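Visitor: Turn this into a model:
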Amino acid sequence: MSKKITLAVLFFVFFLGFKIACAEVLINEIKYSPTTSQWIEIYNNTDSDVDITTYKILDNSVKTGHSISAYNNGSNLIPKNSFGIIAKVPEDFSANNFPIFKSALNIKVSADNVVLKNNLGENVGATVIIDGSATDGNSLQLINNEWKVSLPTPGLINKISIIVTPNTPSGGGPILTSSPDISTTTSSNNNDNVANSLSSFSTSTIKTKISVPTLAYARLPIKFQASTTGLYGETLHLGKYFWNFGDGDFKEQVNQFGNFTHTYAYPGDYVILLEYYQNPYSEIPDTVNKTNIKIIPLDISISKVGDEKDFFIELSNNSPYEIDVSGWILSNGIKQFVLPKNTIILSQKGITLAPKITNFVSGDEKNLKLISPTGEIISDYGVSILPYVAPEVSQAPVSSIIPTIENNSEKKLDTENIKVQKQAGTLPKIQIQNKNLEAVAINSQIIPETSSKNYYFPYIIFGFFLVASGFGVYFIRRKNILPQTEKGDDFEILDE
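Guide: Model prediction:
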C-alpha cells in the first residue's frame, strides 16, 4: 500500500513540477532601437494576475535593475495569460488596450544582456542577448523558444514578417508576405489578432495626426502637438515637421516632436498644414495633413468694482463661448491675485471675486489690470475711470468762465489770481462743453499778464512829447530874438 502511495506522490510531483516550470512570467519581445523609445513585452504565462511593479529589468548599464511603475495611474497587474508592455515612452502605446508600464530602459544596441528579475531577486526566464541584429524598425521576438528578428508585434502573438521588396511598386504600397509562427504561448483569441494584424499591415501607410482645438481665442496661446505612425503602426520619433499656421507664421521641428504654443493675433478662420519628412533633408514630404481652426475675439474685462465697504471685483465674458481663465492675474502694480486652475467664465456671464479672497481694497481700482498668463494686459480698469474735475469748475456755466465781447460787459478775469494759481500748479482745467463757440470770441477775452505793467506807458510817451515840444518852441524863439539884439550894436549913441 505504501508503495502505491509513493508512486502516486512521485507522479503528481513530476507533472506538477513540470507545469510550474513552464508557467512563468517571461520576456517575449524586445525593441531596443532606436534607444529613445525602447520597450519590452512581458507575457504572463500563469493562471493568476501578476504585479509586475515588484519586478525589475536589468541590463549592463544598471546592476541593481530598472524599477517598473504603472503608467497614468493604471493597474500594477498583468492579467493571466496576457501581455503587458514596459516602455521607456509609455505615451507611444496610450491608444492600446493592453497594460502599459514605465521604466527607464537603457539597453545598448549591441553587446548587452537583458534580464527580468522577480521580487526575490531571481532571474525569470533566460537571459536575452542583444547582438545588434534587430534594428531598422525591427524587434527581437521569442518564436518557438528561439530569439528571431521580425517586425514589431506589441501586445500580439510573435510572428515572422518579411519585406519582399523595399521599393514601392506602381500599384500601391510595399508588398509584404507574413507567415505566423506561433510560439508556445498561443490561444485561439490570439490567432484572430494575428490575422487582423496581418491584414492591417498590408494596407498601412505613414500617418500624421494633428492635435489642436478647433476653436480658440485671439491673443491667447494655443497648444499644438502632432504624432506620426509608421508603416506598421509604430510611433515615429525622428524626422522633421514643418508647420504652417495659416497666419503667415511657421515652425520647424527636427527630431523633437514635443508640444508647443502658437498665438493668433486676430480673429478669423485659418488652415493649419503639417508636413512630415522621415528624412529631415528630403524635399518631398512623406505625409501631409491639414485641419481648420476658428479664432474668435477675446472679449473679457473687469466690468465692475465695489466700494470701500465691499470692494468686490467683477469679471465679465462677453464672447459667445466660455473661457478658462486659470492662471490669469489681477494686479495693481503692487498687489496681485492669481486665479486658480479650472476657473471658467461662461458665455455672456461673469464672476464676482470677494475682497477677502483677492485682498484688494478701495483705491486699488486706479491701476487695476487683468493680465493673461503670458503677461499681456487683457483689461485695464484704470483707463475707464474719468479724471477728477473740481466741482466749482464743472458746475459753472461756460459763459461765467469765458465772458464774451458781444455783450460788452465790464467783467474781467482776475489775472493776478490766475497768475498765482498757475505758479502754484493749482489752476483748474476749464472744460468747454459748447463745441460751437467761435475761436475769435474766446481769444478776444484773454488779457495778457503784462497789460497791467504797460497801462501807464501811453501817458509817459505823451508827457515826453509835451516836454520835447516845449524845448523846441523855446529854442526857435531864442534864435529869432538873438539877431535883433546884435543889430542894435550898429547904432552909435550920441550925446547931445
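Visitor: which residues in the stretch 251-400 of the chain form helices?
Guide: 355-358, 391-395, 398-401 (DSSP state H, counting those that start in this stretch).
Visitor: comparing those, which gets the lowest mean pLDDT score?
Guide: Mean pLDDT values for the helices of the stretch 251-400 of the chain show the minimum at helix 398-401, a mean of 44.
Visitor: what sits against the closest residue in space to Leu215 that isn't next to it in sequence?
Guide: Nearest residue to Leu215 in three dimensions, chain neighbours excluded: Lys294, at 5.1 Å (C-beta to C-beta, 6 or more residues apart in numbering). Glycine gets a C-beta too; all of them are placed from N, C-alpha and C. Residues in contact with Lys294 (C-beta atoms under 8 Å, 6 or more residues apart in numbering) are Thr214, Leu215, Ala216, Gly268, Asp269, Tyr270.
Visitor: what do you get for Phe83?
Guide: Contact partners of Phe83, counting by C-beta under 8 Å, 6+ apart, are Asn28, Glu41, Ile42, Tyr43, Asn44, Phe98, Pro99, Pro154, Gly155, Leu156.
Visitor: Return the subset of the residues you listed lying in strands.
Guide: Counting by DSSP state E, the contacts of Phe83 place Asn28, Glu41, Ile42, Tyr43, Asn44 in strands.
Visitor: Just flag the most distant two among these.
Guide: Greatest spatial distance among the ones in strands among the contacts of Phe83 (C-beta to C-beta): Glu41 and Asn44, at 11.0 Å.
Visitor: Find residues that contact each of these two.
Guide: Phe83, Gly84.
Visitor: quick one: low-confidence ranges for the stretch 351-496 of the chain?
Guide: Scanning the stretch 351-496 of the chain for pLDDT under 70 picks out the ranges 384-457, 459, 473, 475-496.
Visitor: Could you single out the nearest of the ones in strands among the contacts of Phe83 to Asn289?
Guide: Glu41 (29.8 Å).
Visitor: Surely that closest one touches Leu156?
Guide: No - taking contacts as C-beta atoms under 8 Å, Glu41 lies outside contact range of Leu156: 9.0 Å.
Visitor: okay, now Gly125: neighbour count?
Guide: Residues within reach of Gly125, counting by other C-beta atoms under 10 Å, total 16.
Visitor: which SS state does it fall under?
Guide: At Gly125 the chain is in strand, as set by DSSP: H, G, I helix; E, B strand; the rest coil.
Visitor: Which residue, other than its chain neighbours, is closest to it?
Guide: In this structure, Gly125 finds its nearest non-sequential neighbour in Leu26, 3.9 Å apart by C-beta to C-beta, 6+ apart.
Visitor: how far away is that neighbour from Tyr43?
Guide: If you measure Leu26 against Tyr43 using C-beta to C-beta, to the nearest Å, the figure is 6 Å.
Visitor: okay, these two: which has more neighbours?
Guide: Neighbours around Leu26 and Tyr43, counted as other C-beta under 10 Å, are more numerous at Tyr43. The numbers are 23 against 16.
Visitor: Now do the same contact list for the more buried one.
Guide: Residues near Tyr43 by C-beta under 8 Å, 6+ apart: Val25, Leu26, Asn28, Ser82, Phe83, Gly84, Thr185.
Visitor: Write the PyMOL selection for whichever of the residues you listed are buried.
Guide: Selection of buried members from the contacts of Tyr43 for PyMOL, criterion 16 or more other C-beta atoms under 10 Å:
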select buried, resi 25+26+28+82+83+84+185
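Visitor: Where does confidence bottom out across the contacts of Tyr43?
Guide: pLDDT across the contacts of Tyr43 is lowest for Thr185, at 37.
Visitor: I'd say Gln253 and Lys240 touch.
Guide: Yes - if you go by C-beta under 8 Å, Gln253 and Lys240 touch, sitting 6.8 Å apart.
Visitor: Which one of Glu41 and Leu156 is surrounded by more residues?
Guide: Ranked by neighbour count (other C-beta under 10 Å), Glu41 and Leu156 place Glu41 first, with 25 against 17.
Visitor: Might you report the residue contacts of the more buried one?
Guide: Contacts of Glu41 (C-beta under 8 Å, 6+ apart): Ile27, Asn28, Glu29, Ile30, Phe83, Gly84, Ile85, Ile86, Pro154, Gly155.
Visitor: Please identify which helix or strand holds the fifth one.
Guide: Using DSSP states H and E, the secondary-structure element containing Phe83 is strand 82-87.
Visitor: What is the next helix or strand after that strand packed up against?
Guide: Using DSSP H and E, the helix or strand that follows strand 82-87 in sequence is strand 100-102. Under the contact definition 3 or more C-beta pairs under 8 Å, 6 or more residues apart in numbering; DSSP states H and E, strand 100-102 sits against strand 69-70, strand 82-87.
Visitor: in strand 100-102, what counts as buried?
Guide: Quick answer for strand 100-102 (16+ other C-beta under 10 Å): Ile100, Phe101, Lys102.
Visitor: for the first one, what are its contacts?
Guide: It stands for Ile100. Neighbour list for Ile100: Tyr71, Asn72, Gly74, Gly84, Ile85, Ala87, Pro90, Phe93, Ser94 [criterion: C-beta under 8 Å, 6+ apart].
Visitor: correct me, but Asn96 touches Pro154?
Guide: Yes - counting by C-beta under 8 Å, Asn96 touches Pro154, with 7.2 Å between them.
Visitor: out of those two, which sits in the busier spot?
Guide: The neighbour count for Asn96 versus Pro154, taken as other C-beta under 10 Å, is higher for Pro154 (20 against 13).
Visitor: roughly how far apart are that one and Tyr32?
Guide: For Pro154, the distance to Tyr32 equals 13 Å [C-beta to C-beta].
Visitor: just Trp243 next, same as before
Guide: According to C-beta to C-beta, Trp243 stands 31 Å off from Tyr32.
Visitor: ok, now Lys366?
Guide: Lys366 sits 64 Å away from Tyr32, going by C-beta to C-beta.
Visitor: Would you write a PyMOL line that selects the buried entries of the contacts of Ile100?
Guide: Paste this into PyMOL to select the buried members of the contacts of Ile100, with burial taken from 16+ other C-beta under 10 Å:
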select buried, resi 71+84+85+87+90+93
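Visitor: In CSV: the contacts of Ile100, plus distance to Asp307.
Guide: Output for the contacts of Ile100, formatted as CSV (distance: C-beta to C-beta, whole Å):
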residue, distance to Asp307
Tyr71, 54
Asn72, 49
Gly74, 53
Gly84, 63
Ile85, 62
Ala87, 59
Pro90, 55
Phe93, 58
Ser94, 53
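Visitor: Determine the number of other residues adjacent to Val467.
Guide: So Val467, with other C-beta under 10 Å, has 9 neighbours.
Visitor: Ramachandran coordinates for it?
Guide: Main-chain dihedrals, Val467, degrees, to the nearest 10: phi -60, psi -50.
Visitor: and what of Gly470?
Guide: Main-chain dihedrals, Gly470, degrees, to the nearest 10: phi -60, psi -50.
Visitor: what's it in contact with, if anything?
Guide: For Gly470, the contact set (C-beta under 8 Å, 6+ apart) is empty.
Visitor: More neighbours: which of Lys366 and Tyr32?
Guide: Counted by other C-beta under 10 Å, Lys366 and Tyr32 do not tie: Tyr32 has more neighbours, with 26 against 10.
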